[in-house]
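> Compute the structure for the input listed below.
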Amino acid sequence: MKKTLTPTLLCLGLLTACTPLEEDQPSRITDTRILAIKATPAEARPGQSVRFTALIADPQGPIDAGQRLNWALCLAPKPPTENNSVVDDCLGDEAVTALGQGTEIEAVLPAQGCQLFGPLSPGPGLRPRDADITGGYYQPMRLSVEDTVGFGLERLRCDLAQAPLQIAQAFEGTYQDNLNPSIESLDAPEALSASQTVTLTLTTDAPEPYVRFDAITRALVEDQEALTVSWFATGGQLQASRSSVRDQQVQVQWTAPGQAGEHWLFGVLRDSRGGVDFVQHKISVTP
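Below you'll find the model as predicted:
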């Protein structure tokens with residue numbers, strides 16, 4: 001099976017979307033789109049079971065792709081010469097393990113995850129992966145719906161490999177696995193007049209504090225997650241395609257199309273450690 005990778009890339013969450021987007025309206029859903037892949041738990045050790053849930057939509061709204069939805073685990077580490085978040089080999093079938101079909105699926109993470117994608121040596125000719133800015137490492141999960149391909153990135157709980165023993169022990173006793181962020185509510189009308197503009201308000205839970213190892217200072221650092229929301233709509237015009245959460249709330253304006261009909265709005269909440277939550281809302285546009 002040959003897949004074509006398009007330039008759209010969203011990291012840490014956890015989604016690498018491989019469908020073409022309109023450059024001026026990246027939030028407009030004009031074809032089948034994989035909007036998000038949520039993993040529960042949001043962080044897991046190699047060998048642990050994780051449930052993956054996909055949010056998929058087309059111009060008519062959310063869809064249940066059922067048996068058309070194929071899941072696979074990527075097992076190829078990234079060579080130093082490749083810049084993508086996921087190695088190109090994982091677009092084919094030789095470097096993945098097929099898991100099955102359906103909107104949700106449960107999978108056991110490969111036992112060698114911290115060697116393939118983490119701080120442990122993956123083998124001759126390859127070097128350990130660098131952590132992201134939050135100290136995280138990620139197991140790629142491929143999802144395909146016919147010609148649409150996406151990658152979710154499950155955060156791996158790996159032991160510190162380059163830290164002094166005392167620091168590694170302190171990290172192990174202090175660090176809390178990441179939890180998925182939570183959307184508490186989406187304040188949006190159920191009906192709107194054609195061409196009318198409305199402000200949508202999304203409320204979240206509080207961002208989590210966490211500790212990470214700073215390779216420069218060789219010490220543990222206390223930090224706090226950043227929360228962002230990606231917006232999508234089947235019609236009309238969104239003021240922004242991405243917003244930062246401040247004080248557990250974020251707002252965006254949506255202008256209804258000039259014709260009557262039903263439209264869907266989607267908000268995908270991501271934290272900076274790879275957690276995901278999402279919400280969908282239908283609005284009837286009246287003349």
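
> Which residue ranges of the stretch 51-200 of the chain form strands?
Secondary structure of the stretch 51-200 of the chain (DSSP state E, counting those that start in this stretch): strands at 61-62, 69-74, 96-101, 104-108, 137-145, 148-156, 183-187, 191-193, 197-204.

> of those, which approaches Ile34 most closely?
The minimum distance between Ile34 and these falls on strand 148-156, with 3.7 Å, by CB to CB. Bear in mind the C-beta positions are built from the backbone N, C-alpha and C, glycine included.

> Mean neighbour count and distance to Ile34 added to the strands of the stretch 51-200 of the chain, as JSON lines?
Listed next are these as JSON lines, based on neighbours: other CB atoms under 10 Å; distance: least, CB to CB, whole Å:
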{"stretch": "strand 61-62", "mean neighbour count": "16", "distance to Ile34": "12"}
{"stretch": "strand 69-74", "mean neighbour count": "21", "distance to Ile34": "9"}
{"stretch": "strand 96-101", "mean neighbour count": "14", "distance to Ile34": "14"}
{"stretch": "strand 104-108", "mean neighbour count": "15", "distance to Ile34": "14"}
{"stretch": "strand 137-145", "mean neighbour count": "24", "distance to Ile34": "6"}
{"stretch": "strand 148-156", "mean neighbour count": "25", "distance to Ile34": "4"}
{"stretch": "strand 183-187", "mean neighbour count": "14", "distance to Ile34": "19"}
{"stretch": "strand 191-193", "mean neighbour count": "14", "distance to Ile34": "27"}
{"stretch": "strand 197-204", "mean neighbour count": "17", "distance to Ile34": "21"}
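
> can I get these in TSV with mean pLDDT and distance to Arg212?
Below are the strands of the stretch 51-200 of the chain laid out as TSV (pLDDT from 0 to 100; distance: least, CB to CB, whole Å):
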stretch	mean pLDDT	distance to Arg212
strand 61-62	96	35
strand 69-74	94	25
strand 96-101	93	30
strand 104-108	94	27
strand 137-145	94	12
strand 148-156	93	12
strand 183-187	98	25
strand 191-193	96	44
strand 197-204	98	22
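
> would you list the ones you listed in CSV and tack on distance to Phe266?
Formatted as CSV, those follow (distance: least, CB to CB, whole Å):
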stretch, distance to Phe266
strand 61-62, 8
strand 69-74, 17
strand 96-101, 23
strand 104-108, 18
strand 137-145, 16
strand 148-156, 15
strand 183-187, 10
strand 191-193, 16
strand 197-204, 11
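
> roughly how far apart are the closest residue in space to Met141 that isn't next to it in sequence and Ser185?
With sequence-adjacent residues excluded and distances taken as CB to CB, 6 or more residues apart in numbering, Met141 is closest to Gly152, at 4.3 Å. Distance, Gly152 to Ser185, using CB to CB, to the nearest Å: 25 Å.

> ok so, going back, quick one: closest of the strands of the stretch 51-200 of the chain to Leu220.
Using CB to CB, the strands of the stretch 51-200 of the chain put strand 137-145 closest to Leu220, at 17.1 Å.

> just to revisit the earlier point, mind checking which of the strands of the stretch 51-200 of the chain is nearest Pro122?
Checked against CB to CB, the stretch from those lying closest is strand 137-145, at 11.6 Å.

> Just the CA atoms of the closest one, as CSV, please.
Taking Å, rounded to 0.1, in the frame of the first residue of the first chain, the C-alpha atoms of strand 137-145 are listed here in CSV:
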residue,chain,number,x,y,z
TYR,A,137,9.0,10.7,23.8
TYR,A,138,6.3,9.3,21.6
GLN,A,139,5.1,6.1,20.0
PRO,A,140,3.6,6.7,16.5
MET,A,141,0.2,5.2,15.7
ARG,A,142,-1.0,5.2,12.1
LEU,A,143,-4.6,5.6,11.1
SER,A,144,-5.9,5.5,7.6
VAL,A,145,-9.4,5.9,6.0
